[in-house]
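**Q** I need the structure of the sequence given here:
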Amino acid sequence: MPAAEKSNRGDEMAEIMNCPKCNALFVKSGLNELCTNCYNEEETAFNRVYQFLKKRENRAATMDQIVEATDVDEPLLLKFVKSGRLKLAQFPNLGYPCDQCGHIIREGRLCERCKSGLKQDLELHEREEKRIKEKQQTYFAFNKDSK
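**A** Next comes the predicted model:
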């Protein structure tokens, strides 16, 4: 669990955290979520990937081919894709897994099949809610005299 402390240097609030990658203490500032060493390692890895993909003959490379050629782990490569640092429009064989089923997609968080299934589930739920609401509004009047 990350340790977090706030310092009292005027309005500036710095957080001391453990690096999620190496567990070293560092001062979190702005958008950096890693210590300086891990951040620099990621930048070096990104540059290797970028230099590889910059060559025209490598632009159609698959994820596995990029991992093999650059020695950058697939999860880090996926981080570059998801964060938008590698633009999928320029690399036709790159993608990332659907959050639900893991199928490779190029935009959004869910593949078309999972989106469709989710939409059907929501429609079914709405119909059921409507049916229950209509049933609750139904009332009956009984005539006490007739037996």
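
**Q** show the pLDDT at I104.
**A** With respect to pLDDT, I104 has a value of 89.

**Q** mind listing what's buried along the longest helix seen in the chain?
**A** Scanning the chain for the longest helix, with DSSP state H as the assignment, gives helix 112-137. Within helix 112-137, the residues scored as buried using 16 or more other C-beta atoms under 10 Å are C114. Just so you know, the C-beta spots here come from the backbone N, C-alpha and C atoms, and that holds for glycine as well.

**Q** what's the pLDDT at the residue lying closest to D99 once chain neighbours are set aside?
**A** The spatial neighbour of D99 that comes closest, neighbours along the chain excluded (C-beta to C-beta, 6 or more residues apart in numbering), is R109 at 4.7 Å. Confidence per residue is given as pLDDT, and for R109 that number is 89.

**Q** phi first, then psi, for R109.
**A** Backbone geometry at R109, expressed as degrees, to the nearest 10, gives phi -120, psi -20.

**Q** and it, how far is that from D73?
**A** 22 Å (C-beta to C-beta, to the nearest Å).

**Q** give me the mean pLDDT for the longest helix of the chain.
**A** With pLDDT averaged residue by residue, helix 112-137 scores 88.

**Q** that helix: how far from the chain's middle?
**A** Relative to the chain's own centre, helix 112-137 is displaced by 26 Å; criterion: C-alpha atoms, centre = their mean, to the nearest Å.
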